[in-house]
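Engineer: Return a 3D structure for these sequence lines:
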Amino acid sequence: MTFLLERDDYPEGNNGTLKIDGKLICFTIELPWCDNEKRVSCVPEGEYFLKRRFSQRYGWHLHLQNVPNRELILIHPANDAKTELRGCIAPVSRYTGVGTGNASRKAMVAITRLVFPILAKDDEVKIIITHKKIDHEYS
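Structural biologist: Down below sits the predicted model:
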């Protein structure tokens, strides 16, 4: 299984769409690109394998493997990139602005319901991250 994350890049943050085979699964938010600086930059474009992970803070979530010069890059629930993310990706159900959204836990459940059964069979799941600049207006 391969996810495609296409991002819209803005100075304040990134908004993206997460799809499988062209079907929208959810939206995503991230910090802006800051030259891949740890804890303040979004994830670099590229292809990454995903693994299941559990923590007390986020519950079950996903861990991106082998992100260049970065460690512990996750896909986990958050609704505001600037205040809740340190270089990770957050799924959201709807955008509320650049780098902000709502119903993140609901979007995370949608992802894990797709991914976890595949990972349980020891099959590979990867994410391809790319950018796509489109003009949007947010209220």
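Engineer: residue contacts, Y58?
Structural biologist: Residues near Y58 by C-beta atoms under 8 Å, 6 or more residues apart in numbering: L74, H76, P77. For glycine as for every other residue, the C-beta is placed from the backbone atoms N, C-alpha and C.
Engineer: SS state for the last one?
Structural biologist: Classification of P77 using DSSP: H, G, I helix; E, B strand; the rest coil returns coil.
Engineer: Just give the number of residues close to it.
Structural biologist: Neighbour count of P77, defined by other C-beta atoms under 10 Å: 20.
Engineer: Also Y48?
Structural biologist: 22.
Engineer: correct me, but it touches V67?
Structural biologist: Yes. Y48 lies in contact with V67 (C-beta atoms under 8 Å); the separation is 6.3 Å.
Engineer: Are there residues contacting both of those two? Which ones?
Structural biologist: The contact sets of Y48 and V67 overlap at I73 (C-beta under 8 Å, 6+ apart).
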